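Enquirer: Below are the sequence and a predicted model for it; my questions follow.
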Amino acid sequence: MAMRIITGSARGTRLATLDGEATRPTAERVKEAVFSMIQFDLVDAWVLDLFAGSGQLGLEALSRGAEKAHFIDTSSAATDIIRMNAQKTHLYNRCRILTMDWARYLKSSRGLYKFDFVFLDPPYSTGLLHDTLALLPECDIVRNGAWIIAEDENGDPFDKDDLVASYYNIEKQNRYGRTHITVLSLK
């Protein structure tokens, strides 16, 4: 699937992706919908792209004016692609790219960074979205008023867990084919 930066300083830049089924890049129409929701709030924002894959969501945010983005993925092949894409888009100096487990990153970053946007797009049907949403509130890395943008296939990012759901407000929710986008904020 050919991906590109939609708009901003790196507009039109084609992004590399990993071969095979190891990652599932966000479809361009879904990415356009997400960024149309947040486009006016990106200037100077700090962005966390957890489960970053090719880095397309964080790079799109940087291209549109975000100040800094952290990209986290457990795969060194993925973080190599992110580095390549960041250099190709001339956004590398505003990136922090780490090959590490998502939970370890969240725990080790407790209180060190405050993000305005958190992109959560883990592999579907793994329970990782639920687990991330369960851990995120205690990590003190989400700025007041920040949006957490969760992508999943069933429209219930909490996996029927009322306790985890009680930590969040659902700001917006939309479906694009089999992809559900839920925009959350912490209570």
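Expert: Looks like it arrived, so ask away. Numbers count the residues shown, from 1 in each chain.
Enquirer: And for Trp46, the neighbour number?
Expert: Look at Trp46: counted by other C-beta atoms under 10 Å, it has 19 neighbours. In short, each C-beta sits where N, CA and C put it, glycine included.
Enquirer: Mind listing the residues bridging to it?
Expert: Lys68 (DSSP bridges).
Enquirer: Which stretches in this protein count as strands?
Expert: Assigned by DSSP state E, the strands in the chain fall at 3-4, 14-15, 46-50, 68-73, 95-99, 115-120, 142-152, 168-176, 179-186.
Enquirer: ok, His90 - contacts?
Expert: Ser9, Ala10 (C-beta atoms under 8 Å, 6 or more residues apart in numbering).
Enquirer: How much space separates it from Leu62?
Expert: 10 Å (C-beta to C-beta, to the nearest Å).
Enquirer: and for these two, which residues touch both?
Expert: In contact with both His90 and Leu62: Ser9, Ala10, using C-beta under 8 Å, 6+ apart.
Enquirer: Quick check: pLDDT value at Ser75.
Expert: As predicted, Ser75 sits at a pLDDT of 95.
Enquirer: Would you report the backbone torsion angles of it?
Expert: phi -90, psi 120 (degrees, to the nearest 10).
Enquirer: burial count for it?
Expert: The burial count for Ser75: 16, using other C-beta under 10 Å.
Enquirer: can I assume it is in contact with Ile97?
Expert: No - using C-beta atoms under 8 Å as the test, Ser75 is too far from Ile97 to be in contact (11.8 Å).
Enquirer: okay, which residue is most central for the chain?
Expert: Phe119 (2.1 Å; C-alpha atoms, centre = their mean).
Enquirer: ok, it - contacts?
Expert: Val47, Leu48, Asp49, Leu50, Ala52, Leu57, Gly58, Ala61, Ile149, Glu151.
Enquirer: Same question for Leu42.
Expert: Leu42 neighbours (C-beta under 8 Å, 6+ apart): Ala61, Arg64, Gly65, Ala66, Phe117.
Enquirer: What is the burial count for the fourth one?
Expert: Okay, so that is Ala66. Applying other C-beta under 10 Å, I find that Ala66 has 24 neighbouring residues.
Enquirer: repeat for the second one
Expert: Number of residues near Arg64 (other C-beta under 10 Å) recorded here: 22.
Enquirer: Need the pLDDT of it.
Expert: 96.
Enquirer: likewise the first one?
Expert: Taken from the predicted model, the pLDDT recorded for Ala61 is 97.
Enquirer: Let me know whether it touches Val47 as I believe.
Expert: Yes - with contact defined as C-beta under 8 Å, Ala61 counts as touching Val47 (4.5 Å).
Enquirer: what's the overlap in contacts for those two?
Expert: Common neighbours of Ala61 and Val47 (C-beta under 8 Å, 6+ apart) are Ala69, Phe117, Phe119.
Enquirer: circling back to that earlier point, which one of the strands of the chain lies closest to His130?
Expert: strand 142-152 (9.0 Å; C-beta to C-beta).
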